[in-house]
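> starting from these lines, generate the structure:
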Amino acid sequence: MSGANTFHLVIASIGETRFDGPAVSATFPGSDGELTVLAHHEPLVTTLKKGTIRVRELTEEPKDFPIESGVLEFSSNRAVVLL
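Here you go, the predicted structure:
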């Protein structure tokens with residue numbers, strides 16, 4: 001289920017999916033500083049540093065995912081984070 005104001009987000013590492021579903025926004029610890037993506041963000045690929053990914057869904061409290069490092073790719077209203 002996805003609306004005009006959401007995008008599909010997957011946060012995964014080898015053998016584990018930590019999040020897979022619609023998100024309103026997600027804030028990432030980018031290597032060049034914190035960045036937030038919303039639905040229909042311009043395509044991007046960037047590396048992530050140690051920190052916390054904060055995911056906001058439509059109805060729930062934000063969820064935090066501590067990470068050591070990773071890569072974020074956003075395209076076609078879908079974000080994939082590989083840890």
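> taking the centroid of the protein, which residue is nearest it?
The residue lying closest to the centre of the chain (Cα atoms, centre = their mean) is residue 26, at 4.9 Å.
> the strand or helix carrying it: what's the following helix or strand?
Take DSSP states H and E as the rule and residue 26 turns out to sit in strand 25-30. Next along the chain after strand 25-30, taking DSSP H and E as the criterion, comes strand 33-38.
> tell me what that following strand is packed against?
Using 3 or more Cβ pairs under 8 Å, 6 or more residues apart in numbering; DSSP states H and E as the contact test, the elements touching strand 33-38 are strand 25-30. Where C-beta positions appear, they are placed from N, C-alpha and C, glycine not excepted.
> quick one: the strand it packs on to chain centroid distance?
Offset of strand 25-30 from its chain centre (Cα atoms, centre = their mean, to the nearest Å): 6 Å.
> strands of the protein, start to end?
7-13, 16-23, 25-30, 33-38, 44-48, 51-56, 63-67, 70-75, 78-82 (DSSP state E).
> just the CA atoms of the fifth one, as CSV, please.
Yep, that's strand 44-48 we're talking about. What follows is strand 44-48, C-alpha atoms only, in CSV (Å, rounded to 0.1, in the frame of the first residue of the first chain):
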residue,chain,number,x,y,z
LEU,A,44,20.6,9.7,-5.7
VAL,A,45,23.2,7.3,-4.5
THR,A,46,25.3,8.1,-1.4
THR,A,47,27.3,6.4,1.3
LEU,A,48,26.1,6.4,4.9
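> and the angle for it with strand 33-38?
140 degrees (axes from the mean of the first three to the mean of the last three Cα atoms, to 10 degrees).
> cool, and the second one?
In terms of direction (the same axes, to 10 degrees), strand 16-23 departs from strand 33-38 by 50 degrees.
> which strands and helices sit next to strand 16-23?
Packed against strand 16-23, as judged by 3+ Cβ pairs under 8 Å, 6+ apart, are the following elements: strand 7-13, strand 51-56, strand 63-67.
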